[in-house]
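Predicted structure and sequence below. I'll ask about it afterward.
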Amino acid sequence: MSRYAPILALLALSVTGPCHAQAQFRGDAAHTGVFDSQAPRQLKGVKWAFQTGDRIVSSPTYAQGLIYFGSDDGYVYAVHAATGKPAWRYASGGPVPSSPAIADGTVFFTSYDGKFYALNAKTGALKWKFQTQGERRFEAKGLHGHLPKTQTYADIYDTYLSSPVVAENSVYFGSGDGGVYALDVETGKLRWRFATGNVVHASPAYAGGVLFVGSWDSNFYAIDAETGKEKWRFKSGEDALINNQVGFQGSAAVVDGVVYVGCRDSHLYALDAATGKEKWNISTGLSWVISSPAVHQGKVYFATSDTRLFKIADAATGKPLFESQGKGILWSSPAVAGSVALIGNFNGSLEARDHNSGELLWEFQTDAAKRNSGWVLKADGTVNQSLLFRSTWREASAIAEHQMLSVGSFLSSPLVVDGIVYIGSADGNLYAIE
Amino acid sequence: MRQALLLVFMLLSDAAFAGADGHWAGTIAIPGDETRVLVDLERKADGRWIGSITLPRFNLSAVPLTDISVSGNHAEFSIQNALDDQENPARFLGDISGNDMIGQFLQAGHRADFAMRKTGSASVQLPPQSTPVPKALEGVWVGEFIGIGDYPRKVTLTLSNPSGSAAQAQFVVVGRQTTEVQVDLVQFAESLLLVSSSTMGIRFEGRYDSKRGELSGAFELGSYDFPLILHAKQAGALP
């Protein structure tokens, strides 16, 4: 044995590899959306629900018996997975519509206060925080056809913040300041910042020493995780008129050398991870793909926004295998857990489907969706768009969006641990469903 | 005696009609969202009913009512092209008692109670009516515009004056798919042509240039504007 062997072994142990299992957004660093545990094929009911002070957009993560998630009430919570009892909560200075990542006893998260936080995972005590150049939403003149056209509007549909990913002793995340950041996990010291041309609210995926992330500048980037240098970029569609059909809001999944990512230009793209060359795409007919795809056993699971389609396609070719139209807009990202694919819905329901056939196994509905105050939903459970979205003047669209969420919409994506499904709702609850 | 009964029946019928006629104000008790409603109902001399409705909560102002029926003390009417799809319009079913009308409001498979009180005489705001177009505009017009997604759409507009008093239009847009626009208004005034579909939120507004033989304007989809120039393909060719 070399005299350096013990030192090398110690170094190897201390280097943080990509954290796996359920400790970060979409289950792992490559954001596959796949969980080891089998999700229930039959719905038993709600095991527990934990109420926060505002809507939960954040997708929960798990480590060491605790569920971690953010809420738009500004707190990050740690809750015991078994009981739903709170372990601790930490107040940031703004809403937390992103998922915490947990690695080596530290919780990392982004907040709308423009800061990046590292907390002790057991106690919630602050380890360090880092100030970005400031958080903001995507914005444009006459955005989405809002009136007047010459006014600049912040995008009310820019709902999420970038969720961090941890690998190689660094924690990586995107920011509304247009940067992709790499910070030292121990100290929070800036390693590098990669500048894109607009807001980055997607979460970087990590695979093979490379980060993959899209920006609202319409480019999708591959960045060397060590140096922060660009390896390649892929140009997606633009919409000079009203900036509706532009930007990467969702995050990529990287599997077997292929990057799968949805875009607001109404496509799902499959790109070669080494070169950025497009392998195939699926057009969704002017319907955003905000949901992040899951990739499992040669199949891609993804969803479209306004056309409400949950789709399964062949990962190698993009050939469609299954399609089902949901009752509400689909922004939640599908999760595959054993033989079950799960996806949340804007109409306050969570669907469980067979991962092969797409057959509906069960559906969970929030109490708020059952009450349906103000007829947000039609009698058939679909979103009552003709009642809600009557104007593009003043704050009408924002009010309509707010009303739509009142049924407990699922913008969060499911986490599956030990056969229990955890998901946040716009009714402010984190649900544990068995 | 028989004639007397008939007279009483007619008077009662007139009273019922008069009962529905007027300006009504009240609320719809949508669960968790009580909504103010204003309705104007008017019986024309020829016996037809016309009406309009304002629902501020839903950003609807003086929208025409359709399928109005008044029978005895019962009145029913729908909202034209608003709050639901064409196959299933939002509808009111009401019973009149003196100056009060109570009943149910149907929308998207739901039912909610409404109550209105007559507060004055009807002031129905009629929707704009189609006008004839000049003979020179009758025929087929074609053009192309770049819309959302940055790809071209071919437009074919066929104008005619079948009745002489109101023009009609066939309006077809071909992009990645073919859309036959359901035109419900054609107006021409001071060299400006308007072709509109309130159901689809689509309009073409263009100025007629007789020297160039073109209609120069914009294809409007909601608040989106796309420059569009239509050229006469067979203008004036129709009989």
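All right, it came through fine.

and the helix or strand hosting B:Val70, what does it pack onto?
Under the criterion of DSSP states H and E, B:Val70 resides in strand B:60-71. Secondary-structure packing of strand B:60-71 (3 or more Cβ pairs under 8 Å, 6 or more residues apart in numbering or on different chains; DSSP states H and E): helix B:2-20, strand B:33-43, strand B:49-55, strand B:74-79. (Glycine included, C-beta is placed from N, CA and C.)

hey, least reliable of these by pLDDT?
Among these, helix B:2-20 carries the lowest mean pLDDT, a mean of 52.

Tell me the buried residues in the helix or strand just after it?
Per DSSP H and E, the first helix or strand lying C-terminal to helix B:2-20 is strand B:22-30. Residues B:22-24, B:26, B:28, B:30 are the ones in strand B:22-30 that count as buried (16 or more other Cβ atoms under 10 Å in any protein chain shown).

for stretch A:385-401, same thing?
A:385-390, A:392, A:396-397, A:400-401.

cool, and stretch B:148-156?
Under the neighbour-count criterion of 16+ other Cβ under 10 Å, stretch B:148-156 has B:148-149, B:153, B:155 buried.

Skipping its backbone neighbours, what lies nearest A:Val210 in space?
Of all residues not flanking A:Val210 in the chain, A:Ala222 sits nearest, at 5.4 Å (Cβ to Cβ, 6 or more residues apart in numbering or on different chains).

Quick check: beta-bridge partners of the one you found?
A:Phe212, A:Trp232 (DSSP bridges).

So it sits against A:Trp232, correct?
Yes - contact criterion Cβ atoms under 8 Å: A:Ala222 and A:Trp232 qualify, at 4.9 Å.

higher neighbour count, these two?
A:Ala222 (24 against 17; other Cβ atoms under 10 Å in any protein chain shown).

That one: what's it in contact with?
A:210-212, A:230-233, A:259, A:273, A:276 (Cβ atoms under 8 Å, 6 or more residues apart in numbering or on different chains).

try A:Leu43
Contacts of A:Leu43 by Cβ under 8 Å, 6+ apart are A:352, A:361-364, A:433.

biggest separation within these, which pair?
Spatial extent of these (Cβ to Cβ) is set by the pair A:Leu361 and A:Ile433 at 12.5 Å.

For the two, indicate the residue with more neighbours.
Neighbour count, other Cβ under 10 Å: between A:Leu361 and A:Ile433, A:Ile433 has more, with 23 against 19.

that older thread, where is pLDDT lowest across the buried residues of stretch A:385-401?
A:Thr392 (70).

thought it was touching A:His146?
Yes - counting by Cβ under 8 Å, A:Thr392 does reach A:His146; the two are 5.1 Å apart.

any common contacting residues for those two?
B:Ser223.

how close does B:Gln182 sit to A:Arg390?
B:Gln182 is 20 Å from A:Arg390, where distance means Cβ to Cβ, to the nearest Å.

Then B:Asp84?
For B:Asp84 relative to A:Arg390 (Cβ to Cβ), the value is 12 Å.

Tell me how many other residues surround whichever residue of chain B sits closest to chain A.
Closest to chain A within chain B is B:Gly109: 2.6 Å, counting by Cβ to the nearest Cβ. Using other Cβ under 10 Å, B:Gly109 has 15 neighbouring residues.

Residue ranges in the stretch 301-434 of chain A under the pLDDT threshold?
For the stretch 301-434 of chain A, applying pLDDT under 70 flags no range at all.

now the strands: where do they sit in it?
A:309-314, A:320-325, A:335-337, A:340-344, A:349-354, A:360-365, A:415-417, A:420-424, A:429-433 (DSSP state E, counting those that start in this stretch).

got a markdown table for the ones you listed, with distance to A:Gln24 too?
Shown next, in a markdown table, are the strands of the stretch 301-434 of chain A (distance: least, Cβ to Cβ, whole Å):
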| stretch | distance to A:Gln24 |
| --- | --- |
| strand A:309-314 | 24 |
| strand A:320-325 | 28 |
| strand A:335-337 | 13 |
| strand A:340-344 | 18 |
| strand A:349-354 | 21 |
| strand A:360-365 | 24 |
| strand A:415-417 | 10 |
| strand A:420-424 | 14 |
| strand A:429-433 | 17 |
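
can those strands go into a markdown table with extra columns for distance to chain B?
Converted to a markdown table, the strands of the stretch 301-434 of chain A look like this (distance: least, Cβ to the nearest Cβ, whole Å):
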| stretch | distance to chain B |
| --- | --- |
| strand A:309-314 | 17 |
| strand A:320-325 | 16 |
| strand A:335-337 | 31 |
| strand A:340-344 | 22 |
| strand A:349-354 | 17 |
| strand A:360-365 | 16 |
| strand A:415-417 | 31 |
| strand A:420-424 | 23 |
| strand A:429-433 | 19 |
